[in-house]
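**Q** predicted model, plus sequence, below.
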Amino acid sequence: MKISIVTPSLNQGMYLREALESVRAQGHACVEHLVLDGGSNDETIALLQSFGGHAEWQHLNWRSGPDGGQSEALNRGFGEATGDIVGWLNSDDRYRAGCFDHVVKAFAENPDVDVVYGDFTVMSQDGTILRVRREIDFSRFILLYHRVLYIPTPSTFFRRRIFDEGNKLQPNLHYSMDYEFFLRLADAGYRFQHIPHVLADFRLHPESKTCTAESGQIREKRQVMLSVSPISRRIGSPLLRHAAYFVAQWIAGLMRYTEKMLRGYYFNRSIPEGEACGVVPPTA
């Protein structure tokens, strides 16, 4: 299966090499990496230009210029992707060794599955692994109401038919475009499957949206949740509606934490040896 990776980028040059190397290092026979840069003024362009003419980087295609933001760049990349499988890797994250092998196997063994997502790590700005996040099987209820988006974009892969059938990110969303997209895909009948492998590293750093716009993320995610929740349609009283949301969110959290507890995820935070090796070292 051919894999296409789409990477939106804007002034993340200090991390981008690791993202690019993590795709190349997979050693997958048929891969393309599309980098959509929004007009960076740091070292990004020089880095991308330095790969030109090198055989080991023939899978890399990039462009740079003003765009309408991350969602628009991703939509453009998803539309241009030619792979059977499409991944979304932000420019400050990276894949772990063996990621593509696990993903290809999961799709090959489950032809009715449209979205595959795995576990991931959280790393610091310099690439130090801080913790391992193992996740749960898909539940739309938990996805809708839990405060944590448990489907991480760096370890999520789609069948290309999702995009061929006209599904796109909402360009007006800046923080919760993935959350809204997953909900919409689930409502359209696309099937999700979790695979128990650590596929990617998610980076926390001072310039990341997670660190700089936490309140904006919470607000936008809540707006999406309110717009699609059946509670909004069925309960007219604001007081009862607020109480129902509180109960739903409490139940969703309990369900997720209970499943993770029963599976021992809170007691075993190590990474299997086969998934721990081959990670691109942080740049100096």
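**A** That came through fine.

**Q** need the helices for this protein, in chain order.
**A** Ranges of helices in the chain, per DSSP state H, are 13-24, 44-50, 70-80, 99-109, 140-145, 161-164, 177-187, 209-212, 214-228, 230-234, 238-262, 273-276.

**Q** now stretch 93-109: mean pLDDT?
**A** Stretch 93-109 comes out with an average pLDDT of 96.

**Q** and for stretch 215-227?
**A** 88.

**Q** that older thread, and among the helices of the chain, the most buried is which?
**A** Counting by mean count of other C-beta atoms under 10 Å, helix 13-24 has the highest mean neighbour count of the helices of the chain, with a mean of 22. Glycine gets a C-beta too; all of them are placed from N, C-alpha and C.

**Q** please name the residues that touch residue 134.
**A** Applying C-beta atoms under 8 Å, 6 or more residues apart in numbering to residue 134 gives the contacts 119, 196, 198, 260, 263, 265.

**Q** tell me how far residue 109 lies from residue 195.
**A** 10 Å (C-beta to C-beta, to the nearest Å).

**Q** so which of the contacts of residue 134 sit within strands?
**A** Members of those lying in strands (criterion: DSSP state E): 119, 196, 198.

**Q** looking at those residues, which is nearest residue 252?
**A** Distance to residue 252, by C-beta to C-beta, is smallest for residue 119 among those, at 19.5 Å.

**Q** burial count for that closest one?
**A** 21 (other C-beta atoms under 10 Å).

**Q** quick one: contacts for it?
**A** Neighbouring residues of residue 119 by C-beta under 8 Å, 6+ apart: 132-135, 155, 196-199.

**Q** show me which of these are buried.
**A** Buried residues within the contacts of residue 119, defined by neighbour count using 16 or more other C-beta atoms under 10 Å: 132-135, 155, 197-199.

**Q** mind putting those residues into TSV with distance to residue 250 and pLDDT?
**A** Formatted as TSV, these follow (distance: C-beta to C-beta, whole Å; pLDDT from 0 to 100):
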residue	distance to residue 250	pLDDT
132	26	91
133	21	91
134	22	92
135	20	93
155	27	96
197	30	94
198	29	95
199	30	97
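
**Q** quickly name whichever of those is closest to residue 76.
**A** Among the buried ones among the contacts of residue 119, residue 155 lies closest to residue 76 (C-beta to C-beta), at 22.3 Å.

**Q** unless I'm mixing things up, that closest one is touching residue 118, no?
**A** Yes: taking contacts as C-beta atoms under 8 Å, residue 155 lies within contact range of residue 118: 4.3 Å.

**Q** mutual contacts of these two, please.
**A** 99, 198-200.

**Q** one step back: so for residue 34, which of the helices of the chain sits nearest?
**A** For residue 34, the closest of those is helix 70-80, at 4.7 Å, according to C-beta to C-beta.

**Q** give me every residue that touches residue 221.
**A** With C-beta under 8 Å, 6+ apart, residue 221 has these contacts: 149, 175-176, 179.

**Q** distance of it relative to residue 107?
**A** 28 Å.

**Q** also residue 64?
**A** Residue 64 is 31 Å from residue 107, where distance means C-beta to C-beta.

**Q** nearest to residue 253 among the ones in strands among the contacts of residue 134?
**A** Lowest distance from residue 253 to the ones in strands among the contacts of residue 134 (C-beta to C-beta) belongs to residue 119, with 19.0 Å.

**Q** thank you, goodbye.
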